[in-house]
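Chemist: no sequence on this one, just coordinates:
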């Protein structure tokens with residue numbers, strides 16, 4: 001839109017060879033999403049109340065936007081992950097010895113992981129994407145809309161130092177999405193992103209509460225799970241936290257120290 005000549009006599013930009021664009025307001029408000037599933041049984045449904053939405057989250061395969069949402073099938077949730085060129089849907093049910101999972105994937109074109117958008121995709125079973133899934137149905141297609149609103153990534157300076165069964169770690173995240181969540185047990189601050197361990201890039205999820213620290217990481221080399229207690233001076237709030245402590249890898253004597261700050265971005269927490 002061009003600036004106009006007002007009663008003050010300010011020259012109009014028309015005919016001057018230049019124009020002043022009208023500022024566009026930055027997106028605001030919480031992220032929202034709605035998904036229409038096509039599949040067998042109760043899976044065919046439209047859902048619009050995700051448990052979480054994470055836009056522009058770093059991963060070893062590039063940035064993604066993901067959401068966890070119920071399906072029309074009882075006790076089955078869907079983890080939907082979108083990249084600019086592909087989509088994956090992981091159907092999950094139960095836990096522990098009753099856990100079941102069935103995964104699907106399909107192509108996308110031009111999805112914007114920073115702002116969101118509408119999409120439609122055909123789905124096929126993902127290779128190796130079944131785990132005890134005898135009672136979970138199948139999906140053939142998905143469509144929907146994601147609006148990232150004013151969601152931001154947040155920042156972290158957390159650094160890990162020590163030894164794991166997969167090698168040494170002595171650095172922080174290459175990039176991360178940092179969020180704070182409030183649960184019945186209290187508040188957690190988490191960083192989700194890419195972590196270098198012994199020269200290999202891992203997808204990592206670090207969580208801090210007032211009583212517990214956890215680091216889970218996965219790559220083509222396997223998986224790692226470390227836990228520990230916060231050290232003296234550690235804090236966690238609704239906006240972030242300061243972290244110190246020592247993590248121990250399960251089933252080993254390997255330890256990794258952790259220290260640094262988490263500053264949470266704005267996100268949807270339902």
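Modeler: Received, thanks. Quick caveat, the model's predicted, so the values are computed rather than measured. Residues are numbered from 1 along each chain as shown.

Chemist: ok so residue 42 is a helix residue?
Modeler: Yes. Per DSSP: H, G, I helix; E, B strand; the rest coil, residue 42 lies within a helix segment.

Chemist: just to check, it is in contact with residue 135?
Modeler: No. Residue 42 lies out of contact with residue 135 (C-beta atoms under 8 Å); the separation is 11.7 Å. The C-beta positions use only the backbone N, C-alpha and C, and glycine is treated the same way.

Chemist: care to break the protein down by domain?
Modeler: Following automatic domain parsing, one finds the domains of the chain at 32-147, 154-269.

Chemist: quick check: longest strand in this protein by residues?
Modeler: Criterion DSSP state E: the longest strand present in the chain is strand 167-183.

Chemist: that one - contacts with which helices or strands?
Modeler: strand 52-57, strand 154-156, strand 159-164, strand 186-197, strand 200-208, strand 255-264, strand 268-269 (3 or more C-beta pairs under 8 Å, 6 or more residues apart in numbering; DSSP states H and E).

Chemist: relative to residue 29, which of these is closest?
Modeler: With C-beta to C-beta, the closest approach to residue 29 among the helices and strands packed on strand 167-183 belongs to strand 268-269: 9.3 Å.

Chemist: show the contacting residues for the nearest residue to residue 218 once chain neighbours are set aside.
Modeler: Take residue 218 and drop its neighbours on the chain: the residue closest to it by C-beta to C-beta, 6 or more residues apart in numbering is residue 203, 5.4 Å away. Contact analysis of residue 203 by C-beta atoms under 8 Å, 6 or more residues apart in numbering lists 59-60, 193-195, 217-219.

Chemist: one more time with 6 Å
Modeler: If a contact means C-beta atoms under 6 Å, 6 or more residues apart in numbering, then residue 203 has 59-60, 218 as its contacts.

Chemist: now render the residues you listed as a markdown table, adding pLDDT and secondary structure.
Modeler: Converted to a markdown table, the contacts of residue 203 look like this (pLDDT from 0 to 100; DSSP: H, G, I helix; E, B strand; the rest coil):
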| residue | pLDDT | secondary structure |
| --- | --- | --- |
| 59 | 97 | coil |
| 60 | 97 | coil |
| 218 | 96 | strand |
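
Chemist: buried ones in stretch 46-64?
Modeler: Applying a neighbour-count criterion of 16 or more other C-beta atoms under 10 Å, one finds 47, 50, 52-60, 63-64 buried in stretch 46-64.
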